[in-house]
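# Return a 3D structure for these sequence lines:
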Amino acid sequence: MSYTDDQYGMDLASGIAAFEAKEFKRAMQLLSPLAELGDADAQFRLAVMYQNGLGLVPNPHAALHWMTAAARQAHGMAQHGLGFMYAYGECAELDVAAAVSWFEQAAEQGMIGSMAALAQLYHAGQGVPVDLERARHWYLQAGFDPLEFDL
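Model (predicted):
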């Protein structure tokens with residue numbers, strides 16, 4: 001399908017609006033062609049729908065595919081989502097090193113959830129060596145008082 005800039009923008013806005021309104025079948029209809037064209041916003045939302053079975057049967061493989069595609073385009077929420085997938089082995093094989101890498105990329109874009117996740121990983125030594133200085137840094141960046149965590 002060929003898009004004019006106006007059509008593309010309208011379909012993207014309508015697809016996002018359908019997603020937000022929980023009209024997932026319509027969102028899938030509008031966003032799928034845009035995701036195929038490489039739109040990171042569409043790819044991220046498809047990943048969420050496939051991951052959680054929103055309007056369709058859950059498909060971990062498709063969720064990982066679309067989340068990765070969006071994350072590779074520096075989509076902050078997708079980077080956080082991919083970090084989560086790797087950190088907890090959801091839709092992806094458990095890989096804390098990959099999780100840390102994606103959380104760091106998302107944190108650099110201001111994603112507070114990724115900052116908090118990094119702080120927790122370094123504080124507890126979950127899949128990474130305990131690093132209290134890094135934990136302190138990320139807690140502060142996320143807006144938490146490290147003293148609340150005995151740091």
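
# Beyond whatever helix or strand D6 lives in, next helix or strand please.
Assigned by DSSP states H and E, D6 belongs to helix 5-20. Per DSSP H and E, the first helix or strand lying C-terminal to helix 5-20 is helix 24-36.

# Give me the packing partners of that next one, helices and strands only.
Helix 24-36 sits against helix 5-20, helix 40-52, with contacts defined as 3 or more C-beta pairs under 8 Å, 6 or more residues apart in numbering; DSSP states H and E. For the C-beta atoms, the positions are set from N, CA and C on the backbone; glycine is no exception.

# So which of those helices is the most surrounded?
The highest average neighbour count among the helices and strands packed on helix 24-36, using mean count of other C-beta atoms under 10 Å, belongs to helix 40-52 at a mean of 24.

# Please work out which residues outside the following helix or strand past that helix touch it.
Beyond helix 40-52 on the C-terminal side, the first helix or strand identified by DSSP H and E is helix 60-71. Surrounding helix 60-71, the residues in contact under the criterion C-beta atoms under 8 Å, 6 or more residues apart in numbering are 35, 38, 40-41, 43-44, 46-48, 50-51, 77-79, 81-82, 85, 90-92, 102, 105.

# switch the cut-off to 7 Å
Helix 60-71 is contacted from outside by 35, 40, 43-44, 46-47, 50-51, 78-79, 81-82, 85, 91-92, 102, using C-beta atoms under 7 Å, 6 or more residues apart in numbering.

# ditto for stretch 83-94
Contacts of stretch 83-94 (C-beta under 7 Å, 6+ apart): 51, 60, 63-64, 67, 95-96, 98-99, 102-103, 106, 114, 117.

# still on that earlier bit, for H123, find the nearest of the helices and strands packed on helix 24-36.
Closest to H123 of the helices and strands packed on helix 24-36, according to C-beta to C-beta: helix 40-52, at 26.6 Å.
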